[in-house]
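Asker: Just a sequence and a predicted model for now, questions to come.
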Amino acid sequence: MNKKIFIAAIACIGMTGVGARMYGQQSLQNNGMEFRKEAVSNIGSVAMVMSARPTAVAGIASELPGMLGLSDKNTFEQFSSKTDELGIQHDGYQQFFEGVAVEDGVILVHSAKGMIRSINGRVAHLANMYILPAIDQNEATGNATLYLDIIKATRHYPAQLVITSLSEEDNNYALAFKVRVDGYASDGRVKMASAYIDAHSGKLLKQVSLLRHADVERVAHTMYSGSTKIMVDSTAEGYRLRDNTRRIETYDAGGAELTERGSLYFENPRDYYTTEEEWGEHPAIMSVRLEKVQNDMLKDLGMQNGGRFVVSFIARDNGSDMEPATWPDVKMTQSTTMRLPVTTSNIYVFPLGAAYGGGFGKYNLRSNSLSDSVYFPINYTAAGTFPWSDADGNEGSYEISMEKNPALDAHWGMQKTHDYFLEIFNRNSYDGKGSVLRNYINGIWPMSLTQNNAAALPAPYFSMVYGLGDGVVMKPVVALDVMGHEFTHMVTETNGHGGLNYRGESGALNESFSDIFGTCIEFYARPERADWNIGEDVALYGAGYMRSMSNPKNTSYPDTYRGRFWMDTDDLTQDNGGVHINSSVQNKWFYLLCEGGSGRNDKGDDYTVTGIGMAKAEQIAYRNLVNYLSPSARFYDAYKGSLLATGDLFGDTSSVYQSVKDAWFAVGLTDADSVLAVDNLLPAFSGISLFPNPAGRQVTITSEREQAIAVSFVNTLGTSLLDFTVSKGINNIDISHLPRGMYVVRYRLDDRFYTHKLSVL
């Protein structure tokens, strides 16, 4: 074995906030037309239905600051526009504060025939912010590299000056340089993350991972889906996993070098070939084992000893030298020694036209050096377990067995995923533009240091990578719902509005949409075996699946917004603020919307949902994702967006619309989850009182004012459901006909508006 080649393979793995200010109802005159500034929630959400106030979409960018209660330091610039199959135009507008982009400030304007139907999204209400940075882009990039613990950058991106939110809970904002870094961390993992560096102090404010984790016609005998037909292309060497019609390419990325240019993530990954008409079982190297060692390979290990760990590898002789056939498997240990035997399983190397060898050694992560190594040849002419030994007295074994190739599952699964989005949503590839879909098998290791994962790579790569499992916790991570899950991450990123930020509630929605469509694809492509569990084909632990959409609590996931098992969204050290854990809330919503059900949630609310079926539910979910969600959307925004999507498709007085609301109520989301705040509410609005609050069938308003006062009960969509006048004295108001929820009680006095917030039970 060429030791330099092995070390080269190993080297591939080593490598002031300003408080938000809320605004509410106020009149605005514009070209003779009166606008009403809608109440903006205390989380910055905007949901305005404009059907009762006809408004032209032309010139709306200049009107948005006034309509949303923003100062003249704010501007909006259009960044996207599309017209859907219903003829509704969806325009995206980016918020700027004194010329600096507000990262979470995205407003979506929806219109038809030149007139606005609705406006939604999120804005930041900023009072004052000093927008001149004290550091430059180079210093910000250097600090980002330091804070992210990057020892070698593989790609460089320009730093961007932005205004970013610091917390989902209190909506504080800061001026920051957003620096994307791709590279190797000191623990050997590949990182792709955006670091937000305070533009004044140079300190790290937050970091957000960009890796979205955990997927000629011939017959393929797959691992999880039986015998299926797949499209391949024919070459002089045989049939390979390329589908030129769908533009799907499936590669073996084991040991391939990482590129530092272009849109390809792996440099020259190997194609999978066969010369047979049916792609079935083939001999595969599945495990290597070290059973006796005479050198010091197993001693002085761990980070406390300079970052030394035992590694194993498989390499092949291509005729001129040895090259890695898979990623080295690093055996981590907290002890200073490692016990025998040392085994690497689930290698899935399918030998093809070369001699193969294996090895073990002690790798120093910090100095990138290998010592105390042993090498041995591998013969693959027959299945079985074979011993090996060398002249120094080192011994072990390796296993060859007949195996189905996990790449077949990935290739077929991506074909079915492609077909689902094209047939159901008329979306060609992840971006709707027919772009190439690349599957990398055995490519997850360098970014996860484990084979028990799969991931969707962000722009510019837009590829899927899958691990082979370890045979103990997981099997190869190429199940059909995994394919759909990973693909949907790329659909989300290319939804035309900037995707969904991979942190906190927006990240949980990101993961949930991937679970939703991964499950829909399973029902589409393999209905006889479809279910409401995620990863049931690959998980070998616990309940036998990763997550349950029908009963999330089975695996300690929440089924109620901020209920039991909910994870703190501001603790980014834990699952990026609960992106996987909290995703189950919308998962349960989708399940109930499809199937219906009754029960009691963690808020103590009894619910009953009438199911509408998957065919309607998936259209609502998809329309919400691609038309109504801005990058920092929270669950409340998903709730409102789903209602807008449902109104477009089925009408806002339909039974479907009611089912959508009922399903959100079942998982703990209602209008009351957006507490309205207004700037015209005087601290001492003397002479007017309202009780009880919360109220049931009647509310009492007492007034000490001499003049009559006009009063309106306005719901969270800005619609007045009750208008009346109160006079001096006691006024008893019947509200038994009002739906329960949160209302703004708006008083008009001397051409000014004052409000109370009222909860109706």
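Answerer: Happy to help now that I have it.
Asker: Secondary structure class of Ile424, three-state.
Answerer: helix (DSSP: H, G, I helix; E, B strand; the rest coil).
Asker: contacting residues for it?
Answerer: Ile424 makes contact with Cys520, Tyr524, Glu618, Gln619, Tyr622, according to C-beta atoms under 8 Å, 6 or more residues apart in numbering. C-beta here means a position set from N, CA and C on the backbone, and glycine is covered the same way.
Asker: Repeat the analysis, applying 7 Å as the threshold.
Answerer: Glu618 (C-beta atoms under 7 Å, 6 or more residues apart in numbering).
Asker: One more: Ile378?
Answerer: Neighbours of Ile378 in contact, by C-beta under 7 Å, 6+ apart: Ile285, Tyr356, Gly357, Gly358, Tyr398.
Asker: Not counting residues beside it along the chain, what's closest to it?
Answerer: Take Ile378 and drop its neighbours on the chain: the residue closest to it by C-beta to C-beta, 6 or more residues apart in numbering is Tyr356, 4.3 Å away.
Asker: got the residue ranges for the helices in this structure?
Answerer: Using DSSP state H, the helices of the chain run over 3-11, 60-67, 137-147, 406-425, 445-448, 480-493, 504-525, 575-578, 584-595, 614-623, 635-650, 655-666.
Asker: now the ones you listed in JSON lines, with distance to Gly434?
Answerer: Output for these, formatted as JSON lines (distance: least, C-beta to C-beta, whole Å):
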{"stretch": "helix 3-11", "distance to Gly434": "35"}
{"stretch": "helix 60-67", "distance to Gly434": "31"}
{"stretch": "helix 137-147", "distance to Gly434": "35"}
{"stretch": "helix 406-425", "distance to Gly434": "9"}
{"stretch": "helix 445-448", "distance to Gly434": "27"}
{"stretch": "helix 480-493", "distance to Gly434": "13"}
{"stretch": "helix 504-525", "distance to Gly434": "19"}
{"stretch": "helix 575-578", "distance to Gly434": "31"}
{"stretch": "helix 584-595", "distance to Gly434": "28"}
{"stretch": "helix 614-623", "distance to Gly434": "18"}
{"stretch": "helix 635-650", "distance to Gly434": "25"}
{"stretch": "helix 655-666", "distance to Gly434": "32"}
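Asker: Of all the ones you listed, which one is nearest Arg438?
Answerer: The closest of the helices of the chain to Arg438 is helix 406-425. By C-beta to C-beta, the value is 9.3 Å.
Asker: Which positions within that closest one qualify as buried?
Answerer: Of the residues in helix 406-425, those buried under the neighbour-count criterion (16 or more other C-beta atoms under 10 Å) are 406-418, 420-421, 424-425.
Asker: confidence score at Asn74?
Answerer: We have a pLDDT of 92 for Asn74.
Asker: no wait, Pro476
Answerer: pLDDT, Pro476: 94.
Asker: Just give the closest residue to it, not the sequence neighbours.
Answerer: The shortest distance from Pro476 to any non-neighbouring residue, by C-beta to C-beta, 6+ apart, is to Pro406 (3.8 Å).
Asker: pLDDT score for that neighbour?
Answerer: 95.
Asker: ok, it to Met447 distance?
Answerer: Distance, Pro406 to Met447, by C-beta to C-beta, to the nearest Å: 18 Å.
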